[in-house]
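Visitor: structure, please.
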Amino acid sequence: QVQLVESGGGLVQAGGSLRLSCAASGRTFSSYAMGWFRQALGKEREFVAAIAAISWSGGNTYYADSVKGRFTISRDNAKTTVYLQMNSLKPEDTAVYYCAARHFPVIATAPSAFGSWGQGTQVTVSS
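Guide: Modelled structure (predicted):
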């Protein structure tokens with residue numbers, strides 16, 4: 001198991017930006033695919049973005065259509081941290097954002113494919 005701790009959430013006006021960080025424990029971070037999910041009040045958890053292990057296809061990325069072109073996922077293996085840069089935020093981006101680790105190097109989008117989860121960080125976008 002890897003421990004994940006998110007940070008960087010907060011309140012921002014529509015059109016603004018936030019960068020979420022997810023610090024991971026463990027020496028196997030570089031071999032894991034990482035993902036970001038979000039869950040709005042009363043809704044199911046949904047996929048946002050994922051990044052493969054660098055050793056697998058150079059760390060390719062994948063995004064939900066709703067955030068493509070606005071959000072960017074990246075990772076720093078030396079710091080065992082994954083980031084989610086969120087630009088042009090919209091009120092519908094309001095949710096608790098969760099970082100997740102997949103104990104395989106390949107990207108997945110289903111929450112069930114990820115074995116470790118952070119506690120979540122609240123992002124609120126006001127109109």
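Visitor: and the closest residue to residue 30 other than its chain neighbours, what does it touch?
Guide: Distances taken as Cβ to Cβ, 6 or more residues apart in numbering place residue 77 nearest to residue 30, at 4.2 Å, with adjacent residues excluded. Where you see a C-beta, it was placed from the backbone N, CA and C, and this is true even at glycine. Counting by Cβ atoms under 8 Å, 6 or more residues apart in numbering, residue 77 touches 29-30, 54.
Visitor: between these, which is closest to residue 44?
Guide: residue 29 (27.4 Å; Cβ to Cβ).
Visitor: quick one: that closest one and residue 107, what's the gap?
Guide: Relative to residue 107, residue 29 is positioned 16 Å away (Cβ to Cβ, to the nearest Å).
Visitor: now stretch 11-19: buried residues?
Guide: 12, 18 (16 or more other Cβ atoms under 10 Å).
Visitor: got it, and stretch 82-97?
Guide: The neighbour-count check on stretch 82-97 (16+ other Cβ under 10 Å) flags 82-84, 86, 89, 93-97 as buried.
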